[in-house]
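K.L.:
From the sequence below, what's the structure:
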Amino acid sequence: MDDLAWETLGTEIDYRCPGFDVRRDEVRFPDGDTDGFHYVDEPPAVVVLPLTPDGDVVVIDEWRQAIGRTNRGIPAGTIEPEDGDGNGVDLERAAARELAEETGYEAESFERLTTVEPTNGMANAVHHHVLATGCKPTAERDLDHNESISVDVVPYDDLLEAVVDDGLRDGRAVTAVLWYELTRR
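P.N.:
Presented below is the predicted three-dimensional model:
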């Protein structure tokens, strides 16, 4: 695989905004040619599949400006510096924070499902998917200023059916549901 590697000769940020940057790397290809490569540079994120004690799923409906509509999904967000445990990222802490902030729910336990790079041809995004079980509405919501979110609880089988009938289009939620279905259920 090393014969496929590109050498990064330099890097700079072309544009900064809340949540991500657009970065340009000057690269040398294996054949010796050089060129610029732009990509979205964003911090790692946590994606939470929250199940209630009855096995239902806590979902969110959130306005998504990029697609111009409300989109059904599950709690997700950037891993924050306070999510560290001194030895690196504490995914449980990050998942608990995102779950509470976006839904007002707290979980009895957390379990890592998987880690994916959903768009590695154009972004360095890394999404850590976490299963949260025993979720109950006992926390205070704390939405960011640019989040428009409503919370609902749906039967798991309805959400699974939405994966195949195009009712659930958020890639993070689809990944979490399918991973859970294939490995835990």
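K.L.:
Now do the helix or strand encompassing residue 70, average pLDDT.
P.N.:
Assigned by DSSP states H and E, residue 70 belongs to strand 69-73. On average, the pLDDT along strand 69-73 is 95.
K.L.:
ok, the next helix-or-strand element following that strand: who's next to it in the sheet?
P.N.:
Next in sequence after strand 69-73, counting helices and strands by DSSP H and E, comes strand 76-78. Strand 76-78 pairs in its sheet with strand 45-50 (antiparallel), by DSSP bridges.
K.L.:
that older thread, what helices and strands are in contact with the strand holding residue 70?
P.N.:
Here strand 69-73 touches strand 57-64, helix 171-183, going by 3 or more CB pairs under 8 Å, 6 or more residues apart in numbering; DSSP states H and E. For glycine as for every other residue, the C-beta is placed from the backbone atoms N, C-alpha and C.
K.L.:
Domain map for this structure?
P.N.:
2-41, 45-183 (automatic domain parsing).
K.L.:
Point out the most buried one among these.
P.N.:
Neighbour counts (mean count of other CB atoms under 10 Å) averaged over each of the domains of the chain peak at domain 45-183, with a mean of 17.
K.L.:
That domain: end-to-end distance?
P.N.:
Using CA to CA, to the nearest Å, one end of domain 45-183 lies 21 Å from the other.
K.L.:
same check, this time on stretch 150-161
P.N.:
End-to-end distance for stretch 150-161: 21 Å, by CA to CA.
K.L.:
got it, and stretch 153-172?
P.N.:
As for stretch 153-172, its first-to-last residue distance stands at 18 Å under the measure CA to CA.
K.L.:
likewise stretch 102-113?
P.N.:
20 Å.
K.L.:
Pull the residues that contact it.
P.N.:
By CB atoms under 8 Å, 6 or more residues apart in numbering, the surrounding residues in contact with stretch 102-113 are 49-50, 58, 60, 75, 77, 91-92, 95-96, 99-100, 128-141, 143, 147, 149, 151, 176, 179-180, 183-184.
K.L.:
Now it: average pLDDT?
P.N.:
Rounded mean pLDDT across stretch 102-113 is 97.
K.L.:
likewise stretch 145-153?
P.N.:
Averaged over stretch 145-153, pLDDT sits at 94.
K.L.:
need the longest strand for the protein.
P.N.:
Longest strand in the chain, counting residues (DSSP state E): strand 7-17.
K.L.:
Give me the helices and strands touching that one, please.
P.N.:
The helices and strands touching strand 7-17, judged by 3+ CB pairs under 8 Å, 6+ apart, are strand 20-28, strand 34-41.
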